[in-house]
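[1] just the structure for this:
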Amino acid sequence: SANRARILAHEIKSIHPDSMVVIGGIHASLLPEDFTDIADHVVTGEAEEIIIDVIEGAFRDKIIHGPKTKDLENLPLVNYGLLEKARKVRVVPVMTSRGCPFNCTFCTVTKVFGRKFRMQSPQRIVAEVENALAFFGRKTFFFYDDNFSANKKRVHELCDLLIEKKLGITWVAQVRSDLAKDPDLVDKMVAAGLDWVFVGFESIEDETLKAYNKSQTRADIEDAIRVFHEHKVSMHGMFMFGEDHDTVETMSNTVTF
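    Residues are numbered from 1 along each chain as shown. Sure thing, here's the model as predicted:
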């Protein structure tokens, strides 16, 4: 997507030479120099608190460092009407937290959003869901937080609210295998509409998992699969190849797994 962004920036400038092109996101945050030749500004990190100033020309620097949003509760509800062809969206994406308390070696999340887990309250999440329901009328949601269940107390309270309000939504979330160590919580999440989980298994090789600083083992992965299956929760397992301990044999074993 970084190359595509460069192409789009170049085309926009050729059609509208006086336009301001601002590029941000994960790639730009980690390698801002990749865009300084094509963008007026490259914003690293989070932009909510400075984007208006950027647009109004308050910054002269090519690379602008955006501060982390301290209170996610203060972010406005998403205005879906600003998105062209928004009503074609079939699964509504909602992000309710940033950061992750873990520190896996391969992951960009802690590099960009930090290890402090910043989160919205269950009440604020429900307000966002109700806001989306009012616009779309669709009831399928994707909580695409990088680690949705990092704070299990919050997930318990959110599920209680969803059940109490009888919103009738079904949803997907990105979680770690350690969620399965709390089957009571999984049970409550299912009652609140959980349908799928996206789980970063990464590898079935303990040596590789240790190198990734993943804080999980193959046994944890197998236990998680068993618990999710017992609760009739579908899984999208995510794996990676290419760690230094990987061989043709370990990759073949992973495919078989």
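
[2] where do the strands sit along the stretch 101-250 of the chain?
    118-119, 140-143, 170-175, 194-202, 234-239 (DSSP state E, counting those that start in this stretch).

[3] elements contacting the last one?
    Judged by 3 or more Cβ pairs under 8 Å, 6 or more residues apart in numbering; DSSP states H and E, strand 234-239 is in contact with strand 194-202, helix 218-230. Quick note: C-beta positions are derived from backbone N, CA and C, even for glycine.

[4] Lys88 is nearest to which of the strands of the stretch 101-250 of the chain?
    Each of those has some distance to Lys88 by Cβ to Cβ; the shortest is strand 140-143, at 13.5 Å.

[5] what residues sit buried inside the closest one?
    For strand 140-143, the neighbour count (16 or more other Cβ atoms under 10 Å) marks 141-143 as buried.

[6] correct me, but Ala180 touches Val227?
    Yes. Between Ala180 and Val227 a contact is recorded at 3.8 Å, counting by Cβ atoms under 8 Å.

[7] what about those two, which has more around it?
    Comparing Ala180 with Val227 by other Cβ atoms under 10 Å, the one with more neighbours is Ala180, at 24 against 18.

[8] can I get the helices and strands packed on strand 234-239 in a markdown table including mean pLDDT?
    Putting the helices and strands packed on strand 234-239 into a markdown table (pLDDT from 0 to 100) gives the following:
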| stretch | mean pLDDT |
| --- | --- |
| strand 194-202 | 97 |
| helix 218-230 | 97 |
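
[9] so which of those is the most packed in?
    Among the helices and strands packed on strand 234-239, strand 194-202 has the highest mean neighbour count (mean count of other Cβ atoms under 10 Å), at a mean of 21.

[10] picking up where we left off before, closest one to Ala150 among the strands of the stretch 101-250 of the chain?
    strand 118-119 (7.8 Å).

[11] where does the protein have its least confident helix or strand?
    Using mean pLDDT, DSSP states H and E, helix 109-112 stands out as the lowest-scoring helix or strand of the chain, at a mean of 91.
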